[in-house]
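Asks: sharing a sequence plus its predicted fold:
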Amino acid sequence: MQTLKIVVTGPFSSGKTEFIQAISEIDVVSTERKITRESERLKSQTTVAMDFGRITIDEDLILYLFGTPGQKRFNFMWEILSEGMLGFVVMVDSTRPETFREARRILDTFRSYSPVPYIVAANKQDVDDAWPPDDLRIVLRVESGVKVVPCVASDKETVKQVLLELLYSILELIDND
Amino acid sequence: MALKGKLEDFGITQLLNLINLARKTGTLHLQGPDRAAHLCFREGKLVYAAAEGVEDYLPIVLQRAGVFTADHVRMIRENMAGRSDQDIAKVLITSGRLKQQVVLGHIREHVLNLVYQVFSWNRGSFRFEPSELPVQGRITTSIALENVIMEGSRRLKEWELLRDELPDLDIALKFAERRTTSLRDINLSVEEWRVISFINPRNTIRQVAQYNNMDELQIRKIVYSLLQAGLVEMVRPHYRLASSPAAAAKSSGGGTPKPVVAAEMRRPAVKRGIIQKLIQRIREL
């Protein structure tokens, strides 16, 4: 049995848990807790360790999706989660520019852990004031070869598209190698 | 007894506040992350500053300020070898070559620049030697510390912002692919041109700073402005493979990163067929 891993990361409340829930074939093993800090009261619960979703490819191959904890005090988990990953998705809440700097910092950190392919998912593109992916590319300083894909984490089809685009990038890298 | 301690525990702002309020006379010796600096005070006022690697010979200070050319400096070195800064200044002023205010203004600027640089030092050690003053022959100034502290704090905030924006100096730069402005149409300072001339995915920002003899604040400011203008983009240096955070922290602390492997993005250790299977499965979901 071979298992593969894709990590879904991003700032607090960017939609990581919802993203994994939308595509996982099992109920996401989520370790969410009620939020106690006033500054983080954007939502009622947050992931304190990690989310864990699964997609069975065939009887010998399983893809796991790991969501990183959104709160800074659990950053020590990031490196552990990133070990052996196939690639990673950086979720960005396109409606909250105050989180863009944090998103860029997370992106840089994950790149330093492992230089695997990654993709930026511009979440909440169904909301009126969402920043378009092209603008996000500029503010996050995403390299030209890296895709910034529109996404609505609650919509399975756009989530599929994000994962497919990441896999296409991996395939491209293998073909060019 | 000399006051001494670590900058991690007692920062530059606190030290200057102390010297100001206590109207101290003496020299503050600082050992920063990569060099030393010495700030001299008389009754709580800043009178002189020197730093390792920054020549403070008057003609060089005036050359850096654009008053003298390299030829002028060479001539003064030849004709006035062994003479102190004060002697050189006297000759320049009495001969009508420079006005006293101009000399003092540039000395003041030189001292302030050095002091503002040390504001960003948040690790290292300090030692205050009471009554120790600059050697005779140096031109001193007298600068009230209140404004220095305020301006230094403002620059420190700017420094922190720049550090946030550019946390890693071991990253390289390349010219933006979708640049909308031609380099010919924009106005760049001499320093910006010097940085521009070294832009290459093989050179890290740290190396560009070293080539140009710039400190971290200077290079960060310039790179930040070039990034904001959309002229350049950050790229992983060609030789560099991402290292562990510990190694990254070590390399950002100084020194040149070791060349490792020529790869910007590493392919995962899986076969093509496996990725195709994943693609197929996700399409079916």
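Replies: The structure has been received and is ready for your questions.

Asks: hey, let's count contacts and neighbours off CA atoms from now on
Replies: OK.

Asks: what part of chain B, helix or strand, is modelled with the least confidence?
Replies: helix B:245-252 (a mean of 38; mean pLDDT, DSSP states H and E).

Asks: list the contacts of residue B:123.
Replies: B:6-8, B:32-33 (CA atoms under 8 Å, 6 or more residues apart in numbering or on different chains).

Asks: which SS class is residue B:214?
Replies: Under the three-state scheme (DSSP: H, G, I helix; E, B strand; the rest coil), residue B:214 adopts coil.

Asks: distance check, it against residue A:14.
Replies: 39 Å (CA to CA, to the nearest Å).

Asks: when the two are compared, which one has more neighbours?
Replies: Shown here are residue B:214 and residue A:14; by other CA atoms under 10 Å in any protein chain shown, residue A:14 has more neighbours (25 against 16).

Asks: what's the neighbour count on the closest residue in space to that one that isn't next to it in sequence?
Replies: Take residue A:14 and drop its neighbours on the chain: the residue closest to it by CA to CA, 6 or more residues apart in numbering or on different chains is residue A:93, 4.7 Å away. Neighbour count for residue A:93, taken as other CA under 10 Å: 28.

Asks: again with the one 4 residues further on
Replies: Applying other CA under 10 Å, we find 15 other residues in the vicinity of residue A:97.

Asks: what residues are up against residue B:84?
Replies: Contacts of residue B:84 (CA under 8 Å, 6+ apart): B:137-138.

Asks: quick one, strands of chain A?
Replies: With DSSP state E applied, chain A shows strands at A:2-9, A:32-34, A:45-47, A:51-58, A:61-67, A:87-93, A:118-123, A:148-150, listed in chain order.

Asks: how about the ones you listed in TSV, adding mean pLDDT and distance to residue B:167?
Replies: Conversion of the strands of chain A to TSV gives the following (pLDDT from 0 to 100; distance: least, CA to CA, whole Å):
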stretch	mean pLDDT	distance to residue B:167
strand A:2-9	90	19
strand A:32-34	57	31
strand A:45-47	58	27
strand A:51-58	86	28
strand A:61-67	90	24
strand A:87-93	96	19
strand A:118-123	96	20
strand A:148-150	97	22
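
Asks: now those strands in TSV, with distance to residue B:199?
Replies: Formatted as TSV, these follow (distance: least, CA to CA, whole Å):
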stretch	distance to residue B:199
strand A:2-9	31
strand A:32-34	46
strand A:45-47	42
strand A:51-58	41
strand A:61-67	37
strand A:87-93	28
strand A:118-123	25
strand A:148-150	26
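
Asks: just to revisit the earlier point, out of the contacts of residue B:123, which are buried?
Replies: Buried residues within the contacts of residue B:123, counting neighbours by 16 or more other CA atoms under 10 Å in any protein chain shown: B:6-7, B:32.

Asks: mind listing what residue B:86 touches?
Replies: Each residue near residue B:86 by CA under 8 Å, 6+ apart is listed here: B:137-139.

Asks: which of those residues are buried?
Replies: residue B:139.

Asks: got the domain ranges for chain B?
Replies: With domains defined by automatic domain parsing, chain B comprises B:3-155, B:172-252.

Asks: mean pLDDT for the ones you listed: which is lowest?
Replies: Ranked by mean pLDDT, those bottom out at domain B:172-252, with a mean of 72.

Asks: please enumerate the strands of chain B.
Replies: Along chain B, the stretches classed as strands by DSSP E are B:3-6, B:26-31, B:36-42, B:45-51, B:125-130, B:172-175, B:232-235.

Asks: what's the fourth one in contact with?
Replies: Residues lying outside strand B:45-51 but in contact with it, judged by CA under 8 Å, 6+ apart, are B:20, B:23, B:35-41, B:56, B:111-112, B:114-115, B:134, B:139-145.

Asks: show me which of the residues you listed are buried.
Replies: The neighbour-count criterion (16+ other CA under 10 Å) marks B:20, B:36-41, B:56, B:111-112, B:114-115, B:134, B:139-141, B:143, B:145 among the contacts of strand B:45-51 as buried.
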